[in-house]
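Visitor: quick one, what's the 3D model for this:
(one chain, ligands or ions: 1)
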Amino acid sequence: MSHLRETLRSIPSFPADLPVFDWERAPEQPADLFAGWLTEAVDAGVPAPHAMTLSTSEPDGRVTARTLVLKDIDEHGWVFASRDDSPKARDLGANPFAALTFFWPQLGRQVRVTGAARKGARADSEEDFLARPETSRAAAFVGHQSEPLDSPETYRDALEDAVSLVTRDPSRVDRNWSTWAVIADEVEFWQASRDRGHLRLKYRLHGRSWERGLLWP
Ligand SMILES: Cc1cc2nc3c(=O)[nH]c(=O)nc-3n(C[C@H](O)[C@H](O)[C@H](O)COP(=O)(O)O)c2cc1C
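Guide: Here you go, the predicted model:
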């Protein structure tokens, strides 16, 4: 057996002490259960508990995924922000369906959110942009996200120019920055159990109300 395979087999996926998921008393709205689990992840000290995997599909059906941070859950859904000229935004322009995956290992929990992503109002995108730290705003102004780069120096020079732009004009907004909301039609909560009696509770939107039921783990 290779050393790597041996190492991988020896790693436990979850700690011994896990919360018990009282699924029968789960709230009617998946967003409420999600907010509770996210708060517990924050309280448990899970690093970057707001980090999530966003999966999209390219026009030819190839699937791509990357990590983003969750910005909010509002009346539309699970909100993230990115550039309009990024590959993910192009994917969503061609096929709005997306999936978000959260994993909070210390609690043995995974949440999967699926639905169509819709671009937020311009005012929301501008508000989100201006709430970002100065260096993040500057990085956005650099642009070219995901395009080939010839050297780190080229990027650093462009970033330096963008930092001075932001310093000179702190209220300047990048019109290419947008928020998006994944309007969930399915949300699945997965709770690990030490004795492998894992629980999966799936919410499905039927018309305007959510139905929920267990899935075989
Ligand atoms: C922890 C973490 C958080 C990130 N948050 C964001 C984000 O909120 N928005 C964003 O555009 N990219 C974010 N990124 C970078 C993306 O993962 C990705 O590299 C970038 O958006 C380009 O993706 P694309 O080529 O699929 O469009 C984050 C990366 C990490 C590791």
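Visitor: wait, residue 120 touches residue 179, no?
Guide: Yes - the pair residue 120 / residue 179 is scored as a contact, 3.6 Å apart, by Cβ atoms under 8 Å. Using the backbone N, CA and C atoms, a C-beta is placed for each residue, glycine as well.
Visitor: and the chain, which of its residues are near the ligand?
Guide: Taking Cβ under 6 Å from any ligand atom, the part of the chain that reaches the ligand is made up of 48, 51, 64, 66-69, 80-82, 86-88, 145-146.
Visitor: before we move on, the earlier item: between residue 120 and residue 179, which contacts overlap?
Guide: 79, 128 (Cβ atoms under 8 Å, 6 or more residues apart in numbering).
Visitor: what is the longest helix along the chain packed up against?
Guide: Ranked by residue count and defined by DSSP state H, the top helix of the chain is helix 152-168. When contacts are defined as 3 or more Cβ pairs under 8 Å, 6 or more residues apart in numbering; DSSP states H and E, helix 152-168 sits against helix 134-142.
Visitor: give me the number of residues near the residue nearest to residue 166 when sequence neighbours are not counted?
Guide: Ranked by Cβ to Cβ, 6 or more residues apart in numbering and with sequence neighbours excluded, the top spatial neighbour of residue 166 is residue 138, at 4.7 Å. Residues near residue 138, counting by other Cβ atoms under 10 Å, number 21.
Visitor: tell me which strands the helix or strand following the longest helix of the chain pairs with, and in which orientation.
Guide: Sequence-wise, the next helix or strand downstream of helix 152-168 (DSSP states H and E) is strand 177-191. Taking DSSP bridges as the criterion, strand 177-191 forms sheet pairs with strand 78-83 (antiparallel), strand 109-119 (antiparallel), strand 199-206 (antiparallel).
Visitor: one step back: and the residues of the chain next to the ligand, which are buried?
Guide: Buried members of the residues of the chain next to the ligand, scored by 16 or more other Cβ atoms under 10 Å, are 68, 80-82, 86-88, 145.
Visitor: show me the residue at the heart of the protein, geometrically.
Guide: Residue closest to the average C-alpha location in the chain (Cα atoms, centre = their mean): residue 52, at 3.1 Å.
Visitor: may I have the secondary structure class of that one?
Guide: What DSSP: H, G, I helix; E, B strand; the rest coil gives for residue 52 is strand.
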